[in-house]
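Trainee: Here is a sequence together with a model predicted from it:
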Amino acid sequence: MLQVLFLVSLALIGGSFAAQLFFRPQIDGIGPLRSVWLGIAAMWLVVLMAVRRRRTIARGIFYLMVITSAVCVYWDYLTGWHGWALAYAVPIVFSCAILGVVLLALLFRADRGAHVVFSWITVLLGLLPVAFFAFGWTVQAIPSVICGAIAVIAVVLLQVLRGQELHHELERTIHV
């Protein structure tokens, strides 16, 4: 039953995101309604992913980071592409996700396996906002640079704290 509820919820959320493509940003009165509807759909999607990925916390943080960022970019696109998603939302979401996985690595020493790999993937993806700025996709340097600095600091911390576990996990899963 939970699987059916999950799939129906995903279908409804996907349908509501697709339906937003039929409304132009210039239509009067649709802006506030669109924002409320997208906010509810995005919140439900985040809740679904959090409940679904509650066993592996680092994987859940990674999925939430990707989904939240994608929803923000889509929302910016629907409202006429002002660039706020790449300039502010993505760097903030990535920075919070990086801080979350670093705190997780510091607090929970028993987690192994996917936790270590997804922690590293999350931190390395934190360098993407710097690439957005380097490619000229955003003109706001401060959020991107802060996110990049947090990612570099996190890489050093994770290497010092969990470097051996990452190497062991890579050897075990992909035989590196």
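Mentor: Sure, I can see it.
Trainee: First residue to last residue on stretch 70-89, what's the distance there?
Mentor: When the termini of stretch 70-89 are compared using CA to CA, to the nearest Å, they are 10 Å apart.
Trainee: who's in contact with it?
Mentor: Stretch 70-89 is contacted by residues 17, 20-21, 23, 25, 31, 34, 38, 42, 45, 69, 90, 93, 129, 132, 137-140, 143-144 when judged by CB atoms under 8 Å, 6 or more residues apart in numbering. The C-beta positions use only the backbone N, C-alpha and C, and glycine is treated the same way.
Trainee: Quick one, which of the residues you listed are buried?
Mentor: When the contacts of stretch 70-89 are checked for burial by 16 or more other CB atoms under 10 Å, the buried set is 17, 20, 34, 38, 42, 45, 69, 90, 93, 129, 132, 138, 140, 143-144.
Trainee: mind listing which of those are in helices?
Mentor: 17, 34, 38, 42, 45, 69, 90, 93, 129, 132, 143-144 (DSSP state H).
Trainee: how close does Gln159 get to Trp137?
Mentor: Noted for Gln159: a distance of 29 Å to Trp137, by CB to CB, to the nearest Å.
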